[in-house]
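# Provide a 3D model corresponding to the input given below.
(one chain, ligands or ions: 2)
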Amino acid sequence: MEASILQPELAAKIADLYSRMEKAYDLVARQLDFTCDGCPDNCCDSYFLHHTHVEWAYLWVGLMELAPERRKGIETRAAEYVAASERALARNERPQRMCPLNEEGRCGLYLHRLMICRMHGVPSSLTFPNGKVQKFPGCFRCQEIVGDRPAVPMVERAPLFRELVALEQELLGVQQGQLPKVNKTIAEMILAGPPRL
Ligand code: SF4
Ligand code: SF4
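Ligands and ions are numbered 1, 2, ... in the order given. Predicted coordinates:
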């Protein structure tokens, strides 16, 4: 096994998928006249786990483009994040600490941020093959904007998820099902280095 950063063709495919996620998000945000401007909160301190090697690898494509000293700073903050999260989890608390990629309130690796980061904010839905629909109401500020509107625009996540899963399959190939499942925070993905495939 060796450390793997994505092949350029696969990196281009995930960049394209990410840009379409952004478009789907922006469409709903425009319909709701919603932006993050002036938000008193910064949801980059929310604790999320991420589950694909392909997103992990693409994150590392972005990290490797940074100057070494900037990456070093991110790695230091990632180590602090992981230690603080482990302490919180040991107390049975949900960790809340700023993502190590957030620099001065903004995402320092914006083009490489993961799907969960891209979906957070506006309302969205996930339609399962059996027709069941899970709804996500959006962040607290967006919920205030939506109020009790009878019809709410939403990003439908299912086709975007399906494409992400297809890219994961393309990356893993015959190794699919043989590798341990990814269940990592962004900080853990940074500390671990690129996925070893
Ligand atoms: S990757 Fe970027 S957008 Fe996602 S939590 Fe970290 S700083 Fe925020
Ligand atoms: S997504 Fe919502 S909570 Fe997060 S920064 Fe934007 S407005 Fe604030």
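
# remind me which residues of the chain are low pLDDT?
Residue ranges of the chain with pLDDT under 70: 1-4.

# For it, what lies in contact range of ligand 2?
Applying C-beta under 6 Å from any ligand atom, we find that the chain lies next to ligand 2 at Cys36, Cys39, Asp41, Asn42, Cys43, His120, Gly121, Cys139, Arg141, Cys142. No exception for glycine: its C-beta is placed from N, CA and C like everyone else's.

# Determine which two of those residues are furthest apart.
Spatial extent of these (C-beta to C-beta) is set by the pair Asn42 and Cys142 at 14.7 Å.

# the more surrounded of these two?
Cys142 (19 against 13; other C-beta atoms under 10 Å).

# hang on, the more buried one in a strand?
No. Assessed with DSSP: H, G, I helix; E, B strand; the rest coil, Cys142 is helix; it does not lie in a strand.

# Contact partners for it?
Leu32, Phe34, Gly121, Val122, Pro123 (C-beta atoms under 8 Å, 6 or more residues apart in numbering).

# so how many other residues sit close to the last one?
Translated: Pro123. Residues lying near Pro123 (other C-beta under 10 Å) number 20.

# can I assume it is in contact with Cys139?
No. Applying C-beta atoms under 8 Å, one finds Pro123 not in contact with Cys139, separated by 9.5 Å.

# and the lengthiest helix in the chain with ligand 1, contact?
Determined from DSSP state H, the single longest helix within the chain is helix 8-32. No. Helix 8-32 lies apart from ligand 1 when judged by C-beta under 6 Å from any ligand atom; the minimum separation is 11.8 Å.

# Phe136 versus the residue located most distally from the centre of the chain, what's the distance?
In terms of distance from the mean C-alpha position of the chain, Pro150 ranks first, at 29.4 Å (C-alpha atoms, centre = their mean). The gap separating Pro150 from Phe136 is 18 Å, by C-beta to C-beta, to the nearest Å.

# got it, and Pro8?
33 Å.

# Which ones among the residues of the chain next to ligand 2 map onto helices?
If you go by DSSP H, those have Arg141, Cys142 in helices.

# Can you tell me which of the residues of the chain next to ligand 2 lies closest to Ala67?
So of the residues of the chain next to ligand 2, ranked by how close each gets to Ala67 (C-beta to C-beta), first place is Asn42, at 24.4 Å.

# which ones are touching that closest one?
Counting by C-beta under 8 Å, 6+ apart, the residues that Asn42 touches are Met98, Asn102, Gly105.

# give me phi/psi at it?
Backbone geometry at Asn42, expressed as degrees, to the nearest 10, gives phi -140, psi 110.
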